[in-house]
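Asks: Got a sequence here, can you build the structure:
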Amino acid sequence: MKKHNFYAGPSILPEYTIKNTAEAVVNFAGTGLSVMEVSHRSKEFVAVMDEAISLVKELLDVPAGYEVIFVGGGASTQFCMVPFNLLKTKAAYLNTGAWSTKAIKEAKFFGEVVEVASSKDKNFNYIPKGFDVPADADYLHITSNNTIYGTEIKTDLDLGVRLVADMSSDIFSRPIDVSKYDVIYGGAQKNLAPAGVTFVIVKQDALGKVDRAIPTMLDYRTHIDKESMFNTPPALPVFAALQTLKWLKNMGGVAEMQKKNIEKAALLYDEIDSNKFFKATVEAEEDRSLMNICFVMNDEYVELEKDFMELATSKGCVGIKGHRSVGGFRASTYNALPKESVEVLVAAMKEFASKH
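Replies: Residues are numbered from 1 along each chain as shown. Down below sits the predicted model:
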């Protein structure tokens, strides 16, 4: 039976990425060695890193004055690195879920943090709007997509302050105006590569402004100067990321991905809204994530949740169980997920409704 992979992360990768990475594990670039055992300073791997960086810049139309680096530590390390490098006196944070909450906690070690707005009052099921950002804030930090609660900021905010964004789960899903940001970062395991590598896009002019000493490994300039080779990078995930970037380019780039993602999400949200057994956890359509579609059983049918899970699983749908902190269901519809998989899930929902 074909599997339809809705896991939130690590998550589905393009077949192109899996096939090419599997081949490189056996024989990388004709060396007769595995990509897991060659030096990161070999000309073959340096070429991989260089091409991956170049393709990130090309696909996102990264302007001059920005650098792309690949590092370890996940987005969670970036919660610390961002304020370490950028927070001089005050930083503004928009709190839209678990990950932004964690980012706020880390930033408080480095200076004043202003929580400009929060959706915690309604269990993070909406994106706050109409909030003010202090004019003297060094930056406004946002989490553009919230994997647990299913909300997403789908545009580049223009609030008169430089932006920093955790885009772990929606990077490459839509065009981005990179010029509005000082830093864009994310763990790659949701929409780019296997777990283990973190991408960072950073504006060079934003660096070197703080007075504090920054440990070598936590200074963005270290990794920029050494072209992501200061220490041994996570070679296998970087190679896989390159394959996904090539696939994205072959598929028409991020604008084409956005069209496909809108179509997939509309298909599933339409069924959720019209099927009496289910309801979306995010009511406002403009706040609904295109990457992580969260829904639950309607109140009067909660006892049937296990029955639907069993039916969906029997159709090959895997990974649709909601995050342990919220329950319900979550269908992650990342770039690599084909429309066919969404159609199978929708068909299962229809069948469930007809049986009950």
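Asks: Spit out the contact partners of residue 35.
Replies: Going by Cβ atoms under 8 Å, 6 or more residues apart in numbering, residue 35 touches 21, 24-25, 28-29, 45, 235-236, 239. (Each C-beta comes from the backbone N, C-alpha and C, glycine too.)
Asks: Just the buried residues out of these, in PyMOL syntax.
Replies: Here is the PyMOL selection string for the buried members of the contacts of residue 35, based on 16 or more other Cβ atoms under 10 Å:
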select buried, resi 21+24+28+29+45+235+236+239
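Asks: In a markdown table, list the contacts of residue 35 along with secondary structure, pLDDT and distance to residue 215.
Replies: Listed next are these as a markdown table, based on DSSP: H, G, I helix; E, B strand; the rest coil; pLDDT from 0 to 100; distance: Cβ to Cβ, whole Å:
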| residue | secondary structure | pLDDT | distance to residue 215 |
| --- | --- | --- | --- |
| 21 | helix | 98 | 32 |
| 24 | helix | 98 | 33 |
| 25 | helix | 98 | 33 |
| 28 | coil | 98 | 33 |
| 29 | coil | 98 | 34 |
| 45 | helix | 98 | 26 |
| 235 | helix | 98 | 23 |
| 236 | helix | 98 | 26 |
| 239 | helix | 98 | 28 |
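Asks: Turn the contacts of residue 35 into TSV, including distance to residue 58.
Replies: Listed next are the contacts of residue 35 as TSV, based on distance: Cβ to Cβ, whole Å:
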residue	distance to residue 58
21	21
24	22
25	26
28	23
29	21
45	20
235	22
236	23
239	18
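Asks: Out of the contacts of residue 35, which comes closest to residue 347?
Replies: Of all the contacts of residue 35, residue 347 sits closest to residue 21, with 31.3 Å by Cβ to Cβ.
Asks: so the closest one makes contact with residue 242?
Replies: No. Under the criterion of Cβ atoms under 8 Å, residue 21 makes no contact with residue 242, lying 9.3 Å away.
Asks: Surely residue 75 and residue 198 touch.
Replies: Yes. Shown here, residue 75 and residue 198 form a contact pair, counting by Cβ under 8 Å, at 6.4 Å.
Asks: Overlap of the contact sets of those two?
Replies: Taking Cβ under 8 Å, 6+ apart as the contact rule, residue 75 and residue 198 both touch 185-187.
Asks: And the strands in the stretch 51-200 of the chain?
Replies: Using DSSP state E, counting those that start in this stretch, the strands assigned to the stretch 51-200 of the chain run over residues 66-71, 90-95, 112-118, 140-143, 145-146, 151-152, 163-166, 181-187, 198-203.
Asks: Go through these and name the closest to residue 346.
Replies: Evaluated over those, closeness to residue 346 peaks at strand 151-152, with 20.3 Å, by Cβ to Cβ.
Asks: how far is that closest one from where the chain is centred?
Replies: 11 Å (Cα atoms, centre = their mean, to the nearest Å).
Asks: related to what we said a few turns ago, out of the strands of the stretch 51-200 of the chain, which gets nearest to residue 326?
Replies: strand 145-146 (10.8 Å).
Asks: Identify the residues contacting the closest one?
Replies: Applying Cβ under 8 Å, 6+ apart, the contact partners of strand 145-146 are 96-100, 124, 151-153, 167-170, 289, 291-292.
Asks: tell me the two of those residues that are most distant?
Replies: Among those, 124 and 167 lie farthest apart (Cβ to Cβ), at 17.5 Å.
Asks: re the thing from before, which neighbours do residue 21 and residue 242 share?
Replies: If you check residue 21 and residue 242 against Cβ under 8 Å, 6+ apart, no residue is contacted by both.
Asks: Tell me the one among the shared contacts of residue 75 and residue 198 nearest to residue 230.
Replies: Lowest distance from residue 230 to the shared contacts of residue 75 and residue 198 (Cβ to Cβ) belongs to residue 185, with 16.9 Å.
Asks: mind listing what residue 14 touches?
Replies: Going by Cβ under 8 Å, 6+ apart, residue 14 touches 243-244, 247, 335-336.
Asks: So which of the residues you listed are in helices?
Replies: If you go by DSSP state H, those have 243-244, 247 in helices.
Asks: Sweet, I'm off.
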